[in-house]
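[1] predicted model and sequence below, questions to follow.
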There are 4 protein chains.
Amino acid sequence: MTKHEQRWNELADVKDELAARNWFPGTSGNVSIKVDDEPITFFVSASGKDKTKRTSEDFLLVDGDGKPVEQTGLKASAETGIHCEVYRLTDAGCCLHVHTVDNNLISELYGDAGEITFQRQELIKAFGIWEEDGSITVPIVENYADLEKLSEAVAGVIKPDTKAVLIRNHGITVWGKNAFEAKKHLEAFEFLFSYHIKLQTLSFLSRKPKFNSYGGVKHGTIKIS
Amino acid sequence: MTKHEQRWNELADVKDELAARNWFPGTSGNVSIKVDDEPITFFVSASGKDKTKRTSEDFLLVDGDGKPVEQTGLKASAETGIHCEVYRLTDAGCCLHVHTVDNNLISELYGDAGEITFQRQELIKAFGIWEEDGSITVPIVENYADLEKLSEAVAGVIKPDTKAVLIRNHGITVWGKNAFEAKKHLEAFEFLFSYHIKLQTLSFLSRKPKFNSYGGVKHGTIKIS
Amino acid sequence: MTKHEQRWNELADVKDELAARNWFPGTSGNVSIKVDDEPITFFVSASGKDKTKRTSEDFLLVDGDGKPVEQTGLKASAETGIHCEVYRLTDAGCCLHVHTVDNNLISELYGDAGEITFQRQELIKAFGIWEEDGSITVPIVENYADLEKLSEAVAGVIKPDTKAVLIRNHGITVWGKNAFEAKKHLEAFEFLFSYHIKLQTLSFLSRKPKFNSYGGVKHGTIKIS
Amino acid sequence: MTKHEQRWNELADVKDELAARNWFPGTSGNVSIKVDDEPITFFVSASGKDKTKRTSEDFLLVDGDGKPVEQTGLKASAETGIHCEVYRLTDAGCCLHVHTVDNNLISELYGDAGEITFQRQELIKAFGIWEEDGSITVPIVENYADLEKLSEAVAGVIKPDTKAVLIRNHGITVWGKNAFEAKKHLEAFEFLFSYHIKLQTLSFLSRKPKFNSYGGVKHGTIKIS
């Protein structure tokens, strides 16, 4: 199996797993995996496919500007530019973008704050953070209709230790050094999001919503206006 | 494979996928796919089948009035008349009717308002809406026990850009130009419904329920009376 | 295939489907299917089995008093007496007992009221109720540790049109004339329970909880004391 | 099949079932099964594996101190010390550690109370408790970053009738005399946790939160500070 076939299969496998969880509702979402570094080439989702199916037209090979490397009838996902920025700015080897109800909720509830930080949760070890008070921050950007502006906004919030970016009401974009790590990061974030939403609900109900310190979230503020 | 076999298989495939999500609880729901345009014929669910099974008696071919085209011992779903109206009034090629807890909730909570509108949600791109402030409206009709009256009520709210109708406490009827698009629309609506209900819950809890402007829903008003 | 083999397979199939939904948590729950009428014999779950597995020791044949008809090393479920009462008092051909979080919640929230009634929900057509204002009532009994007393309590609330009984914090027992109908009834009830709980949550949040008239539930009263 | 192969397969089977429920998010969690008693040896999860896959490198054999018994390139899970304590202090034959949103919520909400007790729930029969007012208590310990200190904390709360320990925001560790019983206990606890959280939500909403006596939970107190 060539390196290209191997990467294709890794990407198809992780796509199948996420599709089985219904994390690509309405053909939303897209995924990519890096094949070469110099110059950068990566496989990325073709536009508008049913991600519950596995076909030879699911992905196409593009360069660091998101342009097809080979002649193809396929169109790269409209959001390929975001993947380009992730590969340009980080050492990611795989990048996943999915919509879940809970990642959309977090992106809306903490959208004005611009970020959410998790702390004192065992699951943050999934990000390689083992310190007692270690924390992980996910920046949140507005969902610009202009996809070039959106790519720039995403690029603007990626710092060396960033593992994911939320786009407001537009899901999560998460990465790792390979498909295995990208999926690990995604699962950990989704767990933290779901946990936080349920805990906040109970916190609200008990009349003591303390967004800045409670339950392992700090720096975030829900602004419902 | 004939065109009839192809359409049958497409419909059986989408039915299987929705059944796997438990979206036909208690043998509720029904699906159809258009085979010919002039005159209109379409396959529609036979009445009262267990939709988790795949059999040669799942569908029968009917005409634009919902009457069987061939001799058959099968009875078309009691709600075939609604499918007839959808094919008469739109360019739908496939029509799906399912019950989920969340689509029933939306139909009840916004039933008095008569519609719900979603805006500023990435998922509305699934409906081919790419404008920054584009929106999608789903009309809601009362659930008349008289099925002829119900079909008329559904027909009465279908406009050129309508993609789905909610019947109060009676699920969603959604369509697309083929099975792929109908499923895409259904998944996107269900995502928007689930997202909205969870967001409203948190919104209520924070004491600032703003139904007309918050979280990408406008024009809808929850009336709990 | 003999009638006995046929019934066994029908029961094994429905058990597999419910197990796939995790509706037998912690080996709870039990199922049965009638084989003969005069005298009554039925297959019933053997005690304490892992219901996610399919084996030749899952069920045993018992008579109308729940006693094994053939020599066997298997022990009938401790709650076989409840199945005996269902077959004695109704024309059921199949009887299913499962635990879900939502059926346990309904049994607790409406336990003091002793019943819950659903109305104006499309899903009640699953019970063969097609009238505009038709309704379905599920009686709720206390969960006596003495299983004989519990069987009597269940028997005491079964009326000619009863389709299911809830035992407080002890799941639902539901039946139909065969496995297909029993599963249909179960799915419909679970949908109605889940719908009602989510609707009540939103209703509470909007500060107008009207338990007797709202959202298709009447006669039930939540007493949280 | 040797005893070692048999135990390996039992452990791999239960791991597969829990992975299918997404109870190992982000490669979290770990499982073990005892092979010999004198001296104690057990198979335990190798560190950092994707638990949705089934491979020959998923587990390794360790002794009562968690040290590999055979030469191996595999590293035992960092939390093997907790499994050692469970085998040292109880008659467990299998031990499972998983993260769910609801077990993390319970661990946080009742963390200050140090325990949660369930009563008057049918599901507690899964623990072999058949008395009318029988109850089951799960101790909760803080999540020390120092894993040796954490193991000691877990060891410190295990009493003869303890079936599981919650670590704050770090999931449940649960056991049984074999894989079958360990899974049974786990499923029952998860059901009780989910049930309790939903019931508390409705209880809060009705403005009568009675944590010490309502719905089968006593001795626990939610402290949201």
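    Received, thanks.
[2] tilt between the longest helix seen in chain A and helix B:179-205?
    Ranked by number of residues, the top helix in chain A under DSSP state H is helix A:179-205. On the basis of axes from the mean of the first three to the mean of the last three Cα atoms, to 10 degrees, helix A:179-205 is oriented at 40 degrees to helix B:179-205.
[3] hmm, helix A:179-205 touching chain D?
    Yes - residues of helix A:179-205 are located near chain D by Cβ under 8 Å from any Cβ of the partner chain, namely A:180, A:183-185, A:187-188, A:190-191, A:194-195, A:198-199, A:201-203, A:205. For the C-beta atoms, the positions are set from N, CA and C on the backbone; glycine is no exception.
[4] average pLDDT for that helix?
    When pLDDT is averaged along helix A:179-205, the result is 93.
[5] do that helix and chain C come into contact?
    No - on the criterion Cβ under 8 Å from any Cβ, helix A:179-205 is out of touch with chain C, staying 9.4 Å away.
[6] distance from that helix to the middle of the chain?
    13 Å (Cα atoms, centre = their mean, to the nearest Å).
[7] identify the farthest-apart pair in the residues of helix A:179-205 next to chain D.
    The most widely separated members of the residues of helix A:179-205 next to chain D, counting by Cβ to Cβ, are A:180 and A:205 (38.4 Å).
[8] what about those two, which has more around it?
    Just comparing residue A:180 and residue A:205: by other Cβ atoms under 10 Å in any protein chain shown the higher neighbour count belongs to residue A:205, 22 against 19.
[9] ok, the more buried one to residue A:56 distance?
    The spacing between residue A:205 and residue A:56, counted by Cβ to Cβ, to the nearest Å, is 51 Å.
[10] do the same with residue A:161
    Here the criterion is Cβ to Cβ. By it, residue A:161 lies 37 Å from residue A:56.
[11] looking at those two, which is more packed in?
    Neighbours per residue (other Cβ under 10 Å) separate residue A:161 from residue A:56, with residue A:161 holding more: 11 against 7.
[12] any idea which residue sits dead centre in chain A?
    In chain A, the residue lying closest to the centroid (Cα atoms, centre = their mean) is residue A:173, at 1.9 Å.
[13] just checking, it touches residue A:163?
    No - checked against Cβ atoms under 8 Å, the pair residue A:173 and residue A:163 is beyond contact range at 10.1 Å.
[14] avg pLDDT for stretch A:64-78?
    For stretch A:64-78, the per-residue pLDDT averages 96.
[15] list the buried residues for stretch A:172-181?
    A:172-176, A:178-181 (16 or more other Cβ atoms under 10 Å in any protein chain shown).
[16] do the same with stretch A:21-40
    Quick answer for stretch A:21-40 (16+ other Cβ under 10 Å): A:22-35.
[17] of these, which are in range of chain B?
    Okay, of those touching chain B (Cβ under 8 Å from any Cβ), that's A:22, A:25-28.
[18] could I get the residues you listed in a markdown table, plus columns for distance to residue C:102 and secondary structure?
    A markdown table is the format used below for those (distance: Cβ to Cβ, whole Å; DSSP: H, G, I helix; E, B strand; the rest coil):
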| residue | distance to residue C:102 | secondary structure |
| --- | --- | --- |
| A:22 | 20 | coil |
| A:25 | 24 | helix |
| A:26 | 27 | helix |
| A:27 | 31 | helix |
| A:28 | 29 | coil |
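[19] got the residue ranges for the helices in chain A?
    Under DSSP H, chain A gives helices at A:3-20, A:80-89, A:101-109, A:147-157, A:179-205.
[20] just to revisit the earlier point, and the residue nearest to the centre of chain A, what pLDDT?
    As predicted, residue A:173 sits at a pLDDT of 98.
[21] state the distance from it to chain C.
    For residue A:173, the distance to chain C equals 31 Å [Cβ to the nearest Cβ, to the nearest Å].
[22] beta partners of the closest residue to that residue other than its chain neighbours?
    Leaving out its chain neighbours, the residue that sits closest to residue A:173 by Cβ to Cβ, 6 or more residues apart in numbering or on different chains is residue A:97, at 4.6 Å. For residue A:97, the beta-bridge partners are residue A:30, residue A:173 (DSSP bridges).
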